[in-house]
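Peer 1: could you look at this predicted model? Sequence included:
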Amino acid sequence: MSATVTFVSLVIDMEDKDELSRVKVFLDRLTERAHRMEGTCTGEHGVGQGKMKYMEAEHGLAVVEMMRTLKRALDPDNIMNPGKIVAL
């Protein structure tokens, strides 16, 4: 089976609360579909803050806990990129 890469770029009005709400629903559905197809919610830009909520679904609780453990060990004061990838 060959891999298929699909990118989605949205142009949205950040001032339109209704549009933002619809976009969030769309992105949740898109991510769920990617996971069902053994894909990922991330791409070349990584997780950051926007995709943190999908980490456990994508990697499992044990992996996310391991990431938190490594983050605490390497950055005990949480000064390197705080609030990104995994929440402490």
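Peer 2: Alright, I've got the coordinates. Numbers count the residues shown, from 1 in each chain.
Peer 1: show me the shaky parts of the protein.
Peer 2: Applying pLDDT under 70 to the chain picks out residues 1-3, 44-45.
Peer 1: find the centremost residue of it, please.
Peer 2: Closest to where the C-alpha atoms of the chain average out (C-alpha atoms, centre = their mean) is residue 51, at 2.0 Å.
Peer 1: so what's it up against?
Peer 2: Applying C-beta atoms under 8 Å, 6 or more residues apart in numbering, one finds that residue 51 lies in contact with 31, 41-42. All C-beta atoms are positioned from the backbone trio N, CA, C, and that covers glycine.
Peer 1: again, 6 Å this time
Peer 2: Residues in contact with residue 51 (C-beta atoms under 6 Å, 6 or more residues apart in numbering) are 41-42.
Peer 1: need the next SSE after the lengthiest helix in the chain, C-terminal direction.
Peer 2: Of all the segments of type helix in the chain, defined by DSSP state H, the longest one is helix 17-36. Counting by DSSP states H and E, the next helix or strand C-terminal to helix 17-36 is helix 55-59.
Peer 1: what's that following helix in contact with?
Peer 2: Helix 55-59 is contacted from outside by 35, 64, using C-beta under 6 Å, 6+ apart.
Peer 1: mind listing what's buried in the next helix or strand after it?
Peer 2: Note on helix 55-59: by DSSP H and E, the next helix or strand toward the C-terminus is helix 61-74. For helix 61-74, the neighbour count (16 or more other C-beta atoms under 10 Å) marks 64, 71 as buried.
Peer 1: which helices and strands does helix 61-74 pack with?
Peer 2: In terms of contacts (3 or more C-beta pairs under 6 Å, 6 or more residues apart in numbering; DSSP states H and E), helix 61-74 is not packed against any helix or strand.
Peer 1: just how off-centre is it within its chain?
Peer 2: Put simply, helix 61-74 sits 16 Å off its chain's centre (C-alpha atoms, centre = their mean, to the nearest Å).
Peer 1: got it, and stretch 56-75?
Peer 2: Taking the mean of its C-alpha atoms, stretch 56-75 sits 14 Å from the chain's own mean (C-alpha atoms, centre = their mean).
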